[in-house]
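Participant: Model the following, please.
(chains A and B, ligands or ions: 1)
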Amino acid sequence: MEKDIKMNKIKNILMVGVGGQGIITASDILSEAALLDGHDVKKSEIHGMSQRGGSVFSHVRYGEKVYSPTIKTGEADILLSLEVIETVRWLVYANKSTKVILSETRIQPQTVKEYPEGVIESLKKEFKDFFLVNPIEINKQNGDNKVLNTTLLGILSNLLDISDSSWEKAMEKLVPNGTYESNLAAFRLGKKLF
Amino acid sequence: MKAILSGNEAIARGAYEAGIKVGVGYPGTPSTEILENFIKYDDVVTEWSVNEKVAMEVGLGSALAGKRTLVTMKHVGLNVAADPLFTASYIGSNAGMVIVVADDPDLHSSQNEQDSRHYARAAKVPMVEPSDSQEAKEFVRYACELSEGFDTPIFFRSVTRISHSKTIVSLEKKLDYKHDKGFEKENIKKHVMIPGFARQRHFIVEDRMKSLEEFSNRIEINRIEKGNGKIAVITSGLCYNYVKEVLPEADIFKLGMIYPLPMKKLIDFCKGYDKVYVVEELDPFIEDQLKAKGVSNVVGKDIMPITGEYSPELIYTAITGKKFNSEINVEIKPFPRPPMLCPGCPHAQTFNAMRKLGLTVSGDIGCYTLGTLPPYSAMHACVDMGASIPFAQGLEIAQGSEFKHDVVAVIGDSTFAHSGITGLINAAYNKRRILVIVLDNSTTAMTGMQPNPFNGSTITGEETVVIDYQKLAEAIGIKKDNFRTVTAYKEEVISETIQELLAKKELCLMVVTGPCLIYKRKKEKV
Ligand SMILES: Cc1ncc(C[n+]2csc(CCOP(=O)(O)OP(=O)(O)O)c2C)c(N)n1
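Facilitator: Take a look at the predicted model:
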């Protein structure tokens, strides 16, 4: 790439998973927090048929001035994934220094006979910054299985320069009524994990 | 105040700020959320119309009566609304009439990949196109002003990635807008399009387009951004961002109004370079018009595809020849996740029954179109909304005396109300002998649970009339004994009823009822 493009330091975060896992809410929270911290932000996703078990992705980009709402091939700074094979699906956006946050959840459609093996091992070979979490463990610690995505946001927050108060305000605004406390706790758990 | 809004939220906000009072439309991805957000503002009147043609006509009436009006639809909806569109262009609008049409490059959730910009040219209606949510908001207001200034309906074009992407918007106060002219019922030369009057209006339309083109050369939303002059690009909408992203030093002609084009300014721009790239998704709409004016140094579809969505990488590679590479090597191939009916979906049993009976199924558009894929594999054609019933009649006619009475048309409740009933009347009137099955899941599921004329509520959640299938069938001329209602959950009953009705060898209507599970869950929460 030409030098002038690299210099415009935009953070590129790609969030992926399966419909219903909370990718859209998580990326909404990240975008809102970046906005509150005074950044320009763009976020791109496609919704439509995702409710029916499809794969879901959300590109979030923030910095001084963002043009494209989508991340370019090979330029994701962070790949946050809520599902093992979905991580693999979007690897074209990653490079060797992409930081990967992955919840080891496997969702197998009825039509698929065998879930591929050895995914985690292959990913570990490619990325030196690899944050793997065990969803069962996290759900147990959270005492709630609806806030796993927020714990991953906690991990993500350690890798970004967005203030805690903006994260908290964004969550307060965007999580479902009456769940702010549990989300905040889940977020804080994520911050302490690595 | 700043907020991060999707394109659709921003259009709704723009409508509110511009003092738009009336919002009408028919759901369709990616346009649906515009009205769903507009309804949240105070002092607005909204409706889900029965279909896009109806929405266009309601919208025209409301604009002519002096209220700023928003009409929303997806690209294929504009095909349905094309008839009123072409004549609305002659009549003009009085108060602002903004028609939002959302295209879907890459067919994320559509049955074709048409480029709706052609309608602007064909119907002689101006069109604006925003690049992000901030522009989406601003352009609605601007479109209202243009619409009123030139007395014309105006198009506002979006694409999926504008409608569903979120970018930052500055929120402003609502304009205190009041239009001074109501419906002028004496003005029949403008409002009644008999040939004698319409002939005169056509001259006015042609003059209007000339003035608009002249005007488009001077407006700020058609602007040139100077770079270092090495690469020159003409672009608009979403693609503008991609070009800025990968070619930040290029000279860019950014079009905010994409019809009529500012031809004079564009031709002058092109004279300054050996080669000018036209970056536009889908058809060569801008490129062809330039070439028709004798501009020979523009390059577009020769190096960029006519199908699918563009991306920054695609544009960069096409123009510079350089590639973006991914460095990651993982050999594992991810399995696909094709969309599927939800577990427990009420549509499932009917498709199982039809597959086992080996019927020929003429399908329609909705969640139930997934009945064509395994494990159901029981839909053999699907064209456009409402086509299932007439298409099945075509199959019957072609078979003539060899007709085997195994043809079934399958249609959802919202689709039946949208444009299925006309086809059913056609079948009765022409004495056809097919079986029509309506899959009534109490909602418009595919586009996110909008109410419709079969579920008893309006867009605001207010209770309203429900069409009675039995009485409808009777009124159309379907025999009382050729009508059945069955529950969606008993495959055997469904199967027996289908066989029983097919054996009658006459036009029959069967309604399969069972609420969509997501809809049911939503309703229970409220
Ligand atoms: C002309 C047109 N307008 C809108 C759409 C978008 N759309 C696709 S299916 C559908 C309605 C589906 O509702 P229904 O028939 O009740 O079936 P369900 O999804 O509930 O099974 C709509 C509005 C379209 N494809 N074509």
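Participant: what about residue A:140, neighbour count?
Facilitator: Applying other Cβ atoms under 10 Å in any protein chain shown, we find 11 residues neighbouring residue A:140. Yep, even glycine has a C-beta here, placed from its N, CA and C like the rest.
Participant: my read is it is in a helix, agree?
Facilitator: Yes: under DSSP: H, G, I helix; E, B strand; the rest coil, residue A:140 falls within a helix.
Participant: Residue B:14 is in contact with residue B:139, isn't it?
Facilitator: Yes: using Cβ atoms under 8 Å, residue B:14 is in contact with residue B:139, at 7.0 Å.
Participant: Just want to know which of the two has more residues nearby.
Facilitator: Of the pair residue B:14 and residue B:139, residue B:14 is the one with more neighbours under other Cβ under 10 Å, namely 31 against 27.
Participant: Going toward the C-terminus from the helix or strand hosting the more buried one, what's the next helix or strand?
Facilitator: Per DSSP states H and E: residue B:14 is located in helix B:7-17. Sequence order places strand B:22-25 as the next helix or strand after helix B:7-17, per DSSP H and E.
Participant: Quickly run through the sheet partners of that following strand, with directions.
Facilitator: Note on strand B:22-25: by DSSP bridges, its sheet partners are strand B:45-48 (parallel), strand B:69-74 (parallel).
Participant: Looking at the longest one now, give me its mean pLDDT.
Facilitator: In other words, strand B:69-74. Averaged over strand B:69-74, pLDDT sits at 98.
Participant: and it, is it in reach of the ligand?
Facilitator: Yes: remark: strand B:69-74 sits within contact range of the ligand at residue B:74, by Cβ under 6 Å from any ligand atom.
Participant: And the contacts of that strand?
Facilitator: B:11, B:15, B:20-26, B:28-31, B:34-35, B:38, B:52, B:55-56, B:59, B:62-63, B:80-81, B:95-104, B:110, B:140 (Cβ atoms under 8 Å, 6 or more residues apart in numbering or on different chains).
Participant: Buried residues, that strand. List them.
Facilitator: Neighbour counts over strand B:69-74 (16 or more other Cβ atoms under 10 Å in any protein chain shown) mark B:69-74 as buried.
Participant: what separates that strand from the chain centre, distance-wise?
Facilitator: 9 Å (Cα atoms, centre = their mean, to the nearest Å).
Participant: same thing with stretch B:379-389?
Facilitator: 17 Å.
Participant: who touches the residue in the stretch 201-350 of chain B that the ligand sits nearest to in this structure?
Facilitator: Nearest residue of the stretch 201-350 of chain B to the ligand, counting by Cβ to the nearest ligand atom: residue B:347, 6.2 Å away. By Cβ under 8 Å, 6+ apart, the residues touching residue B:347 are B:341, B:367-368, B:370-371, B:439, B:441, B:488.
Participant: do the same with residue B:118
Facilitator: By Cβ under 8 Å, 6+ apart, the contact set of residue B:118 is B:283, B:285.
Participant: so which strand or helix has it?
Facilitator: Using DSSP H and E, residue B:118 sits in helix B:117-123.
Participant: close to the ligand, is that helix?
Facilitator: No: using Cβ under 6 Å from any ligand atom, helix B:117-123 never reaches the ligand; the gap is at least 13.7 Å.
Participant: Can you name the helix or strand that residue B:100 falls in?
Facilitator: Residue B:100 belongs to strand B:97-103, assigned by DSSP H and E.
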